[in-house]
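> A predicted structure for the sequence below; I have some questions about it.
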Amino acid sequence: AQSVTQLGSHVSVSEGALVLLRCNYSSSVPPYLFWYVQYPNQGLQLLLKYTSAATLVKGINGFEAEFKKSETSFHLTKPSAHMSDAAEYFCAVSGPAGGTSYGKLTFGQGTILTVHP
Amino acid sequence: DSGVTQTPKHLITATGQRVTLRCSPRSGDLSVYWYQQSLDQGLQFLIQYYNGEERAKGNILERFSAQQFPDLHSELNLSSLELGDSALYFCASSPVGGRNEQYFGPGTRLTVT
């Protein structure tokens, strides 16, 4: 079984400050990992994905994440927060292609990011 | 805009009723997934279809069913509705040959009164 833990249900930063959203996963097989963003009253938008290529993954809107197998982590970062980054962020895991856990995404509980002026 | 469409956007109905939610995947995508998002359960995978066939099942109640049609659109049927079924229901699709990256529709907000 796979699971995702997002540390901190709420994170608050000042505009221009570093954004760090934490995600740890549990998987018995090499996982595929994803970060999604959800703005109020909208669907989920894919920010970035890790699929066993480069461990440092760059996504949209200046976000990036680093896969660390030894720490079973996939933390999301952005060097400088912008007001428009305020949203809820979800980390998700699935198994690799061909495995029984491929297909469905297992999501963390989400982290609400607040950006102060 | 992800390219995944869902209708209706909002649905208000009474307990005991039955509703149908509709989803059209992105052009070329063969897989369709349904998820439920609620405050207490978070985002939960319900079911996956691939090219018309059920591929995987998650925490889907027996009162719920889904299907994918030859034109690849999918419908999620919810029956004998209970207050606890009130939630956001998302559909997602993924590209053939991808790495399971899923593109989500805007969702259908179901309110059961």
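Looks like it came in fine. Residues are numbered from 1 along each chain as shown, chains lettered A, B, ... in the order given.
> stretch B:43-51 near chain A anywhere?
Yes: residues of stretch B:43-51 contacting chain A under Cβ under 8 Å from any Cβ of the partner chain: B:Leu43, B:Phe45, B:Gln48. C-beta: built from backbone N, CA, C; applies to glycine.
> now these in a markdown table, with distance to B:Ala87, pLDDT and neighbour count?
Listed next are the residues of stretch B:43-51 next to chain A as a markdown table, based on distance: Cβ to Cβ, whole Å; pLDDT from 0 to 100; neighbours: other Cβ atoms under 10 Å in any protein chain shown:
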| residue | distance to B:Ala87 | pLDDT | neighbour count |
| --- | --- | --- | --- |
| B:Leu43 | 10 | 95 | 23 |
| B:Phe45 | 13 | 95 | 22 |
| B:Gln48 | 18 | 94 | 25 |
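> sitting in strands, which of the residues you listed do you find?
B:Leu43, B:Phe45, B:Gln48 (DSSP state E).
> pLDDT below threshold where in chain A?
Chain A contains residues with pLDDT under 70 at A:97-101.
> got the residues of it near chain B?
Looking at chain B, the residues of chain A close enough under Cβ under 8 Å from any Cβ are A:32, A:34, A:36, A:42-46, A:49, A:51, A:90, A:94, A:97, A:102-110.
> next, the residue nearest the centre of chain B: phi, psi?
Centre of chain B computed as the mean C-alpha position; nearest residue by Cα atoms, centre = their mean is B:Trp34, 3.2 Å away. Main-chain torsions, B:Trp34, degrees, to the nearest 10: phi -120, psi 140.
> give me the number of neighbouring residues for the residue nearest to it when sequence neighbours are not counted.
Nearest residue to B:Trp34 in three dimensions, chain neighbours excluded: B:Leu46, at 4.2 Å (Cβ to Cβ, 6 or more residues apart in numbering or on different chains). Here the number of neighbours of B:Leu46 (other Cβ atoms under 10 Å in any protein chain shown) works out to 21.
> remind me which helix or strand residue 89 belongs to.
You didn't pick a chain, so chain A it is. Using DSSP states H and E, A:Tyr89 falls within strand A:87-94.
> other chain: chain B
Secondary structure assigned from DSSP H and E places B:Tyr89 in strand B:87-94.
> how about residues contacting the helix or strand following that strand?
Going down the chain from strand B:87-94, the next helix or strand is strand B:103-104, by DSSP H and E. Residues outside strand B:103-104 that contact it (Cβ atoms under 8 Å, 6 or more residues apart in numbering or on different chains) are A:36, A:43-46, B:2-4, B:26, B:29, B:35, B:90-94.
> pull out the buried residues from those residues.
Buried by 16 or more other Cβ atoms under 10 Å in any protein chain shown: A:36, A:43-46, B:2, B:4, B:26, B:29, B:35, B:90-94, out of these.
> check the residue sitting furthest away from the middle of chain B and give its pLDDT.
Distance from the C-alpha centroid of chain B peaks at B:Gly97, with 21.9 Å (Cα atoms, centre = their mean). At B:Gly97, the model reports a pLDDT of 79.
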